[in-house]
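**Student:** Predicted structure and sequence below. I'll ask about it afterward.
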Amino acid sequence: MKNIQDYWAKKAKKAGLRSRAAYKLEEINKKHNLFYGSKIIFELGSAPGGWSQIIAKLKDKCSVCYSFDCLNMADVKGIKFYKYNFFDDEFKEFSKDFFSKTDLILSDMSVNLSGISIKDAEENKQLNFFCLELSKKLLSSRGKLLIKSFNNENLKDLKKEFLNNFQNVFIEKPQASKTSSSEVYLLGLNPK
């Protein structure tokens, strides 16, 4: 199991990628063609920039990606990074200009895990529902939302909300995910 995890980490380092997470997005994109027709992209929780690197590589040249994190992130060519906290007025003001205009929202966010499973699950659930609520404001009629979640008791409720809000819903577990991790990715296509 550790050899598999080391494989993805070493592969990322050799390729000059900032994290193994880059391969997760690449794999999901191969299956669902996320970047096709996505002119305005929001990436939430972008640091350290592994997904940003993949977005820069796969997005159309005329597409614009706005990446956000409360942590610092070194520049990625072709990505517009903003150091914002999602719950602050700065982010709310910025995002207003993109209501119903955003084609793709991506989030690889997770709370800092405390090791207390009930607390971690609840905080991640709140983060997931924040992304879903934001998508209701931002996404265009052909929009897509991809978020990290966890295969726990909250996933059923989250999937139900996705089904209420999107015409097509998928749950993905990329090969580059740590086998010991319960992380999964929820993808919603075409808001209802």
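**Tutor:** Looks like it arrived, so ask away.
**Student:** Name every sheet partner of the strand ranked longest in the chain and say whether each one runs parallel or antiparallel.
**Tutor:** Ordering each strand of the chain by length in residues (DSSP state E) puts strand 139-150 first. Take DSSP bridges as the rule and strand 139-150 pairs in its sheet with strand 102-107 (parallel), strand 183-191 (antiparallel).
**Student:** where do the strands sit along this structure?
**Tutor:** Going by DSSP E, the chain shows strands at 40-44, 64-69, 79-83, 102-107, 139-150, 166-172, 183-191.
**Student:** Run through who's touching the third one.
**Tutor:** By Cβ atoms under 8 Å, 6 or more residues apart in numbering, the list of residues contacting strand 79-83 from outside reads 43, 46, 49, 52, 55-56, 64-73, 75, 91, 94. Glycine gets a C-beta too; all of them are placed from N, C-alpha and C.
**Student:** how about a cut-off of 7 Å?
**Tutor:** By Cβ atoms under 7 Å, 6 or more residues apart in numbering, the surrounding residues in contact with strand 79-83 are 46, 52, 55-56, 64-70, 72-73, 75, 94.
**Student:** Any of those buried? List them.
**Tutor:** Those of those that meet the buried threshold are 46, 52, 55-56, 65-69, 73, by 16 or more other Cβ atoms under 10 Å.
**Student:** between the residues you listed, which is closest to Ser149?
**Tutor:** In terms of Cβ to Cβ, no member of the buried ones among the contacts of strand 79-83 lies closer to Ser149 than Ser46, at 17.8 Å.
**Student:** mind listing what the residue lying closest to the closest one once chain neighbours are set aside touches?
**Tutor:** Once flanking residues are discounted, Ser46 sits nearest to Ser67: 3.7 Å by Cβ to Cβ, 6 or more residues apart in numbering. With contact taken as Cβ under 7 Å, 6+ apart, Ser67 is in contact with 43, 46, 52, 79-81.
**Student:** Identify, from the residues you listed, the entry nearest to Lys160.
**Tutor:** Nearest member of those to Lys160, counting by Cβ to Cβ, is Glu43, at 25.5 Å.
**Student:** Could you check how many residues crowd around that closest one?
**Tutor:** Applying other Cβ atoms under 10 Å, we find 27 residues neighbouring Glu43.
**Student:** now Tyr82
**Tutor:** 13.
**Student:** Beta-bridge partners for it, please?
**Tutor:** Beta-bridge pairing of Tyr82 under DSSP bridges involves Phe68.
**Student:** roughly how far apart are it and Ile41?
**Tutor:** 13 Å (Cβ to Cβ, to the nearest Å).
**Student:** Same question for Phe166.
**Tutor:** The gap separating Phe166 from Ile41 is 17 Å, by Cβ to Cβ.
**Student:** now do Leu34
**Tutor:** Taken as Cβ to Cβ, the span from Leu34 to Ile41 is 9 Å.
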